[in-house]
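S.K.: Quick one, structure for this:
(one chain, ligands or ions: 2)
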Amino acid sequence: MKLNIKNTLTTELPADVVKENTRRQVENAAFSYVLPKKTAKPEILHVSKEMASELGISNTETKTDFFKNIVTGNDIYPNTTPYAMCYAGHQFGNWAGQLGDGRAINLFEVEYQNKNWKVQLKGAGETPYSRTADGLAVLRSSVREYLCSEAMFYLGVPTTRALSLSLSGDAVLRDVLYDGNPAYEKGAIVARISPSFLRFGSFEIFTARDDLKNLKVLVDYTIKHHFPHLGAPSKENYIAFFKEVTERTLKMIIDWQRVGFVHGVMNTDNMSILGLTIDFGPYGWLEGFDFGWTPNTTDRQHKRYRYGNQPNMGLWNLYQLANALYPIIEDVTPLETILKQYTTDFEQQSLTMMKSKLGLSISDADDLQLIQRLEDNLQLVETDMTIFFRKLSDFTDAESSLLLIEKAFYDFENISNEVKDTWNLWFKKYANRLQKELISSEERKQKMDAVNPKYVLRNYMSQMAIDEADKGNYTLIDELFQLLKKPYETQPEQEKWFSKRPEWARNKVGCSMLSCSS
Ligand code: AMP
Ligand code: MG
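M.R.: Ligands and ions are numbered 1, 2, ... in the order given. Below is the predicted model:
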């Protein structure tokens with residue numbers, strides 16, 4: 001396996017001068033050199049062939065011991081120097097100080113077909129940033145990150161990717177519910193891939209420490225490698241940089257809202273500077289449409305990161321980034337203008353996105369109201385978001401509409417007449433509105449099916465794959481992986497996954513309740 005290694009980050013950003021792998025505050029540095037931990041019995045469970053080929057790794061090469069040892073941290077690729085990154089963050093609205101890669105170790109950068117990729121292991125052992133934890137990851141959270149990051153990619157949502165999912169062969173102690181009952185679980189490692197793993201928190205840490213020299217070095221590096229079209233460093237370009245990060249963040253969140261993805265932990269250390277979905281922890285997919293839903297039990301009380309609040313939280317995080325960049329811009333007005341624009345853009349893009357889900361292409365003054373009524377209706381009784389929107393593309397007439405979406409209701413038999421009337425009224429309005437459209441119903445269906453996925457990684461699906469994997473059976477991981485590569489296609493042979501969450505999963509840990517314990 002010959003990789004085209006090209007390390008920009010470690011050569012251009014300041015390194016921690018301390019070489020010992022001890023937990024501490026790391027000053028004047030963007031990263032610390034650290035080696036992954038050797039594991040007892042590494043075993044690869046799945047490889048994303050598509051991602052491997054993006055790195056210039058052949059299918060045959062992924063089957064070698066060398067590949068296995070690299071992606072589990074048991075061997076170091078020649079002439080490379082693994083490292084953990086230093087960053088800070090605002091967690092659940094509060095400043096948390098230094099966080100950093102506590103359980104992630106970056107291996108190297110690969111340049112292939114004019115793209116530069118960072119290869120990072122999650123769960124490969126402790127680093128100076130591990131604080132009180134062990135630097136390891138367990139099988140359940142690794143299966144979830146592996147499947148979801150690739151699924152997001154195929155849904156067309158900006159995201160970090162995954163190369164491989166492996167068992168380490170070590171046992172890892174976890175208290176899943178934080179209730180004082182820790183138990184051993186199988187340790188696992190995901191090799192994840194991104195053009196950059198820099199986060200808002202990577203910038204915040206320098207500003208918080210008044211280290212403006214390194215803040216500028218980091219911003220200049222980021223623009224040079226990831227926003228090269230912005231040109232040479234200048235105040236104007238720093239403003240343009242912030243503007244583009246804002247726009248990318250908004251685009252990502254609009255996509256989350258479109259497919260019903262709830263990140264669960266939108267802390268600033270989990271916000272990618274490239275506007276990619278990053279750090280798949282206690283995330284979840286909406287089943288019943290509900291603006292108030294969050295999968296994260298740690299956030300159960302305030303529901304800060306609930307589905308309907310994600311756009312606001314994106315903005316809140318961008319305020320923190322603006323504060324972090326302020327010292328090298330020294331002008332509040334342009335930053336405030338960009339932040340204000342986010343809200344305007346959100347309203348406009350959200351409307352466009354919802355209209356696309358409904359198959360509406362022309363402008364009509366009543367569209368916003370039609371959409372708001374729909375969102376109200378979807379929350380009257382438990383109604384499956386994915387099934388509802390997918391079925392809607394087969395809409396023909398208001399008369400048979402309730403039957404069309406019957407499958408989306410969790411308890412169709414017990415829906416009151418009042419609720420049925422409300423729905424029928426909405427469908428009449430929708431039918432009237434469709435009259436104004438200029439395209440054929442076939443064309444409309446085609447467009448709707450391209451934005452309303454048929455298959456998403458429902459929480460119970462991951463849990464089934466995890467339960468099987470825990471027993472040593474990995475076929476479901478592959479089945480879901482293949483299914484989610486074509487989320488918008490009909491795949492009639494896979495119809496069983498186009499169904500509501502089964503009752504057994506309603507209150508099961510891992511399906512509706514997830515904690516940060518990964
Ligand atoms: P998260 O919000 O889950 O992405 O993580 C917040 C912080 O906790 C990051 O700095 C992580 O690196 C760190 N962290 C989470 N789990 C572990 C672990 N098992 N060992 C070390 N650090 C961890
Ligand atoms: Mg994180």
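S.K.: and the gap between residue 243 and residue 327?
M.R.: According to C-beta to C-beta, to the nearest Å, residue 243 and residue 327 sit 18 Å apart. Where C-beta positions appear, they are placed from N, C-alpha and C, glycine not excepted.
S.K.: Tell me which of the two has more neighbours.
M.R.: Counted by other C-beta atoms under 10 Å, residue 243 and residue 327 do not tie: residue 243 has more neighbours, with 18 against 14.
S.K.: what helix or strand does the one residue in the stretch 1-150 of the chain that gets nearest to ligand 1 sit in?
M.R.: Closest approach between the stretch 1-150 of the chain and ligand 1, counting by C-beta to the nearest ligand atom: residue 102, at 2.3 Å. For residue 102, there is no enclosing helix or strand under DSSP states H and E.
S.K.: just residue 251 next, same as before
M.R.: Counting by DSSP H and E, the element that carries residue 251 is helix 235-259.
S.K.: Distance from the chain centre to that helix, please.
M.R.: Its chain's C-alpha centre and that of helix 235-259 lie 15 Å apart, by C-alpha atoms, centre = their mean, to the nearest Å.
S.K.: Quick one: residues in contact with whichever helix or strand comes after it.
M.R.: Toward the C-terminus, helix 235-259 is succeeded by strand 261-262 as the next helix or strand (DSSP H and E). Identification of contacts with strand 261-262 by C-beta atoms under 8 Å, 6 or more residues apart in numbering yields 152, 157, 255-256, 277, 283-286, 293-295, 305-307, 310, 456.
S.K.: how about the closest residue in space to residue 101 that isn't next to it in sequence, what does it touch?
M.R.: Residue nearest to residue 101 in three dimensions, not counting chain neighbours: residue 84, with 3.8 Å by C-beta to C-beta, 6 or more residues apart in numbering. The contact partners of residue 84, taken as C-beta under 8 Å, 6+ apart, are 31-32, 34, 100-102, 104-106, 127-129.
S.K.: and the next element down the chain from the helix or strand bottoming out on mean pLDDT in the chain?
M.R.: Lowest mean confidence among the helices and strands of the chain (mean pLDDT, DSSP states H and E): helix 401-404, at a mean of 92. Going down the chain from helix 401-404, the next helix or strand is helix 417-435, by DSSP H and E.
S.K.: Residues of the stretch 151-300 of the chain that sit close to ligand 1?
M.R.: 265, 267, 269-270, 279, 281 (C-beta under 6 Å from any ligand atom).
S.K.: I figured residue 315 hits residue 344, correct?
M.R.: No: judged on C-beta atoms under 8 Å, residue 315 makes no contact with residue 344 at a distance of 11.5 Å.
S.K.: which one of these two has more residues nearby?
M.R.: residue 315 (18 against 9).
S.K.: sorry, back to before: tell me which two of the residues of the stretch 151-300 of the chain next to ligand 1 sit farthest apart.
M.R.: 269 and 281 (11.3 Å; C-beta to C-beta).
S.K.: and the two? which has more neighbours close in?
M.R.: residue 269 (25 against 20).
S.K.: shaky segments in the stretch 401-518 of the chain?
M.R.: For the stretch 401-518 of the chain, residues meeting the criterion pLDDT under 70 lie at 517.
S.K.: who's in contact with the closest residue to ligand 2 within it?
M.R.: Residue of the stretch 401-518 of the chain nearest ligand 2, by C-beta to the ion: residue 516 (9.2 Å). By C-beta under 8 Å, 6+ apart, the residues touching residue 516 are 265, 281-282, 296, 298.
S.K.: Could you do residue 88 as well?
M.R.: 95-99, 201, 204-205, 208, 268-269.
S.K.: swap the cut-off to 10 Å and go again
M.R.: Residues counted as contacts of residue 88 (C-beta atoms under 10 Å, 6 or more residues apart in numbering) are 95-100, 199-209, 268-269, 320, 324.
S.K.: again with residue 68
M.R.: Residue 68 neighbours (C-beta under 10 Å, 6+ apart): 42-44, 47, 62, 74-75, 164, 166.
S.K.: try residue 144
M.R.: Residue 144 neighbours (C-beta under 10 Å, 6+ apart): 190, 280-284, 457, 459, 462-463, 465-466, 510, 514, 518.
S.K.: any idea which helix or strand carries it?
M.R.: Here residue 144 sits within helix 139-155, counting by DSSP H and E.
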